[in-house]
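Sharing a sequence plus its predicted fold:
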Amino acid sequence: MALVTGAFGALGRATVQGLAAAGWRVAALDVAPAAPAGLPASLALPGVRLDDEAAAVAAVARTVAELGRLDALVNIAGGFAWETVAGGSAATWRRQHELNLMTALIACEAALPHVAASPRGRIVNVGAAAAGRAGKGMGAYTAAKSGVLRLTEALAEELKDGRATVNAVLPSILDTPANRAEMGEADAGRWVRPEALAGVIAFLLSEAGAPIHGAAVPVTGRV
């Protein structure tokens, strides 16, 4: 049983579809008020704000109650904002911190007792390849995504004597309709398809991925 956050977006949908095809029963969680049509989730959890710790705990409890257990967590929930330091505000940095880091932390805290107890426990956090060095206008986003990597490293150290694994994937630009609209002149053929990144996530959740722990896996296409 796997819980996917940010499950209604492009990467979330691809991940739910990939995990379901691999035999996982999936709880699909998102802040959006309704699940997209045709999403192959065993349980849909719309309207859940992961900046609310009580809401996250309740969502995990419902997942365990309805699906029987929780073996894996995939943290996709997040958001992006481009803003320069000179032309922006501290509010953007706070919001990016909440959207990208705190949602992952709160979901991990809520799911951890169940995932750590599972014989096939897995956590995969979605970071960003850009978190290694911020470009112009990318400070708030990359700082938050750098925090996701630090969270992954810290949690991996905490769990290194157990059975659960904790890893991060670090994508470059995802080939989504939103990114194509925003960057119309770019060569989208060099970007990462959501289905390809979902495949990497599915591998980390699989038995074959069990030896991988504490890794930050670049998934950068040809960017």
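Structure's in. What do you need?

Which positions in the helix or strand bottoming out on mean pLDDT in the chain come out as buried?
Every helix and strand in the chain was compared by mean pLDDT, DSSP states H and E; the lowest is helix 177-182, with a mean of 93. Residues residue 179 are the ones in helix 177-182 that count as buried (16 or more other Cβ atoms under 10 Å). Where you see a C-beta, it was placed from the backbone N, CA and C, and this is true even at glycine.

Restrict that helix to CA atoms and write it as PDB.
This file holds the C-alpha atoms of helix 177-182, laid out as PDB (Å, rounded to 0.1, in the frame of the first residue of the first chain):
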ATOM      1  CA  PRO A 177       1.600  21.100 -20.300                       C
ATOM      2  CA  ALA A 178       2.200  23.900 -17.800                       C
ATOM      3  CA  ASN A 179       6.000  23.900 -18.500                       C
ATOM      4  CA  ARG A 180       5.500  23.800 -22.200                       C
ATOM      5  CA  ALA A 181       3.200  26.800 -21.900                       C
ATOM      6  CA  GLU A 182       5.600  28.700 -19.700                       C
END
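
And what about the closest residue to residue 190 other than its chain neighbours, helix, strand or coil?
Nearest residue to residue 190, sequence neighbours excluded (Cβ to Cβ, 6 or more residues apart in numbering): residue 222, at 4.0 Å. On the three-state scheme (DSSP: H, G, I helix; E, B strand; the rest coil), residue 222 is labelled coil.

what pLDDT does residue 222 get?
We have a pLDDT of 94 for residue 222.

Check the gap between it and residue 188 for me.
11 Å (Cβ to Cβ, to the nearest Å).

And for residue 121?
Counting by Cβ to Cβ - residue 121 and residue 188 are separated by 36 Å.

go on, residue 118?
38 Å.

now swap in residue 162 and tell me
In terms of Cβ to Cβ, residue 162 sits 41 Å off from residue 188.

List the contacts of the residue nearest to residue 77 when sequence neighbours are not counted.
Closest residue to residue 77 apart from its sequence neighbours, by Cβ to Cβ, 6+ apart: residue 6 at 3.5 Å. Contacts for residue 6 (Cβ atoms under 8 Å, 6 or more residues apart in numbering) come out as 12, 29, 30, 75, 76, 77, 78, 103, 126.

Quick check: which helices or strands does the strand ranked longest in the chain pack against?
Ranked by residue count, the top strand of the chain under DSSP state E comes out as strand 165-171. Applying 3 or more Cβ pairs under 8 Å, 6 or more residues apart in numbering; DSSP states H and E, we find strand 165-171 packed against strand 122-126, helix 139-158, helix 194-205, strand 216-219.

For the third one, name the packing helices and strands.
Counting contacts by 3+ Cβ pairs under 8 Å, 6+ apart, helix 194-205 is packed against helix 10-21, strand 72-75, strand 122-126, strand 165-171, strand 216-219.
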